[in-house]
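> Sequence and predicted structure are below.
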Amino acid sequence: MKSLFFSFFLFFLFLIPGHLAAKDMVYIDITSPDARKINIAVPWFKDKEHPEQLQDIGGKLADTLGNALVFHGIFSLIPLEEYGKRQDVNWKALGTDFVMLGSYTLTAKGMQLEIRLLDVAANDMLMGKRYNGTRAHEQDMLYRFTDSVIMELTGQNGIASTKIAYVSDSSGYKEVHLTDILGQDRRQITRHKNLVVSPRFLPGGKYLAYTSYHSGNQNLYITDLEQSKTTRPLSRRKGMNLAPAWSPDGKKMILTLSKDGNPDLFLMDSQGEILKQLTSRSGINVSPSWSPDGEQIAFVSDRSGRPQIYLMNLKNGNVQRLTFQGSENAEPSWSPSGDAIAYSSLVGGSYQIFTMAPHPGSNGKQITSGPGQHESPTWSPDGRQILFSLRKDDEQKVYAVMKNGSNMRQLFNFSGHETYPRWTNYQN
């Protein structure tokens, strides 16, 4: 939890040479379709007390840092076997662009880490940081450094310190779980011992809303992720209380309610009080997603006969159909930059993930392929990746793919089925 994270002492020591700080930083353009991956090396960290010996703890630290960097999809990690895990090698001869050199000291209170980012071609140190914390927080320190590297090289925030929520039946019931990007720190959030669906983070990531059936009705609840067992109901109206989309400022939400019979969208405040009804009996209306500027929502309706995605202008209530390709289109998710919507579309008997510009007349671009049902897309906080749930061969797991369709991979090896993934910038 965040309060626990800040209970240990953490500081940064910047070691940027003066001549580098004085000149303008040229960032690496990773958005170009022709951009190659950046070759990096992360040799084992050195024990400062015994620098001549390679220790397993140094290997674990290097492994976590390397995996966190590779997760961003822009790096290619040079195998340890090519240089014997050591730091004193000819990096240029290996074709390395950047190398992370780390050391650690075990202390009475935990651990001190020192990590440097080296530009091999320029033979310059771009950045150095020192962290102090307990052994329980070594992963957090490595993730912090990862995000600093991403910022240093690209000018954009990294996502190593973010969290992913999903629904898992590993406990015997479908409950919400929370994990880091590498699946090393996982915890169960809900314990209703019943069906839980559609987790949704509030902006800022400290709170999570979800729908549970444990009381006999499909009710909406909210939980404080920093306080275990702090859960309260938001909406317990008869029928559906489903999948809220939160406004960018977190003060309002749009929810599907069926209290009057038909599933319709309602604008509500953060306490669950209805402010306005947005749709009225024009088919089933579900899955709202708020635009980052707060002016529109995308949602799903079958008013045309089959589920399709529509756009609604929240100022005047005007509705326009967005998707025309595919017999069914569902589960829209607005990108953080606001220039694209990800959604699932029925293609040849299976759902695939598509993206399209949020303007009527746009064409969708298919970014996944292959067997199985690709469902519930959600964007990474940096807008470069999309999470989704893939259902095939009697399994359902969380996958990620770059927004251009490359680097599709299963993220976790947890037991049970995984559905409804959601990504946030929450840091514990």
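Noted; the coordinates are in hand. Residues are numbered from 1 along each chain as shown.
> which stretch of helix or strand covers Val197?
Val197 is located in strand 196-201, with elements delineated by DSSP states H and E.
> Please enumerate residues in contact with that strand?
By CB atoms under 8 Å, 6 or more residues apart in numbering, the surrounding residues in contact with strand 196-201 are 165-167, 173-176, 189-190, 207-214, 242-246, 419-420, 422, 424, 426. The C-beta positions use only the backbone N, C-alpha and C, and glycine is treated the same way.
> try 6 Å this time
The contact list for strand 196-201 (CB atoms under 6 Å, 6 or more residues apart in numbering) reads 165, 167, 174-176, 190, 208-212, 243-244, 420, 422, 424.
> out of those, which are inside strands?
165, 167, 175-176, 208-212, 243-244, 420, 422, 424 (DSSP state E).
> ok, Pro358 - contacts?
Contacts for Pro358 (CB under 6 Å, 6+ apart) come out as Ile341.
> Assign a three-state SS to Lys259, would you?
Recorded secondary structure, Lys259: coil (DSSP: H, G, I helix; E, B strand; the rest coil).
> neighbours around the nearest residue in space to it that is not next to it in sequence, how many?
Distances taken as CB to CB, 6 or more residues apart in numbering place Arg237 nearest to Lys259, at 4.3 Å, with adjacent residues excluded. Neighbour count for Arg237, taken as other CB atoms under 10 Å: 18.
> My reading is that Arg237 is in a helix; is that accurate?
No: counting by three-state DSSP, Arg237 is located in no helix; its state is coil.
> how close does it get to Asp97?
Per CB to CB, to the nearest Å, Arg237 is found 56 Å from Asp97.
> repeat for His50
From His50 to Asp97 the distance is 30 Å (CB to CB).
> Compare these two and say which is more crowded by neighbours.
Asp97 (21 against 10).
> which residues touch that one?
Applying CB under 6 Å, 6+ apart, the residues near Asp97 are Ile38, Asn39.
> Also Ser148?
With CB under 6 Å, 6+ apart, Ser148 has no contacts at all.
> coming back round to it: from the ones in strands among the contacts of strand 196-201, list the buried ones, please.
Buried members of these, counted by 16 or more other CB atoms under 10 Å: 165, 167, 175-176, 208-212, 243-244, 420, 422, 424.
> tell me the domain ranges of this structure?
Domain assignment for the chain by automatic domain parsing gives 2-154, 163-424.
> With mean pLDDT as extra columns, can I get the ones you listed in JSON lines?
Formatted as JSON lines, the domains of the chain follow (pLDDT from 0 to 100):
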{"stretch": "domain 2-154", "mean pLDDT": "84"}
{"stretch": "domain 163-424", "mean pLDDT": "95"}
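> How much space separates Ile367 from Gly73?
Applying CB to CB, the value for Ile367 to Gly73 is 13 Å.
> Sorry, wrong one. I was asking about Asn67.
Taking CB to CB, one finds Asn67 at 12 Å from Gly73.
> Neighbour count for those two, which is higher?
Neighbour totals were compared for Asn67 and Gly73, and Gly73 leads with 20 against 17 (other CB under 10 Å).
> Just confirm that one contacts Arg409, I think it does.
No: at 9.7 Å, Gly73 does not count as touching Arg409 under the criterion of CB atoms under 6 Å.
> Quick check: phi and psi at the residue located most distally from the centre of the chain.
Going by CA atoms, centre = their mean, the residue of the chain most distant from its centre is Glu52, 38.8 Å out. Main-chain dihedrals, Glu52, degrees, to the nearest 10: phi -80, psi -10.
> Could you do the one 3 residues further on as well?
The phi/psi pair for Gln55 (degrees, to the nearest 10) reads phi -110, psi 150.
> What is the neighbour count of the residue nearest to it when sequence neighbours are not counted?
The shortest distance from Gln55 to any non-neighbouring residue, by CB to CB, 6+ apart, is to Asp47 (5.2 Å). Using other CB under 10 Å, Asp47 has 17 other residues around it.
> and if you look at Asn404?
13.
> element containing it, please.
Applying DSSP H and E, one finds Asn404 in no helix or strand.
> dump the residue contacts of the residue lying closest to Asp169 once chain neighbours are set aside.
Excluding its sequence neighbours, the residue lying closest to Asp169 (CB to CB, 6+ apart) is Gly416, at 4.8 Å. Each residue near Gly416 by CB under 6 Å, 6+ apart is listed here: Ser168, Asp169, Ser170.
> State the phi and psi torsions of Gly416.
The phi/psi pair for Gly416 (degrees, to the nearest 10) is phi 90, psi 180.
> Kindly report the same for Pro248.
According to degrees, to the nearest 10, the main-chain angles of Pro248 amount to phi -60, psi -30.
> Just give the closest residue to it, not the sequence neighbours.
Gly294 (4.9 Å).
> Does that neighbour touch Asp249 like I think?
No: look at Gly294 against Asp249 with CB under 6 Å: they stay out of range, at 7.3 Å.
> does the residue nearest to Lys259 really touch Asp260, like I thought?
No: the criterion here is CB under 6 Å, and Arg237 misses it with Asp260 at 9.4 Å.
> Find the residue closest to Ile150 in space, skipping its chain neighbours.
Distances taken as CB to CB, 6+ apart put Gly158 closest to Ile150, at 3.2 Å, once the chain neighbours are dropped.
> ugh, typo on my part, it should be Glu328
Leu346 (4.1 Å).
> For the one you found, identify the helix or strand it belongs to.
Element membership of Leu346 [criterion: DSSP H and E] is strand 341-347.
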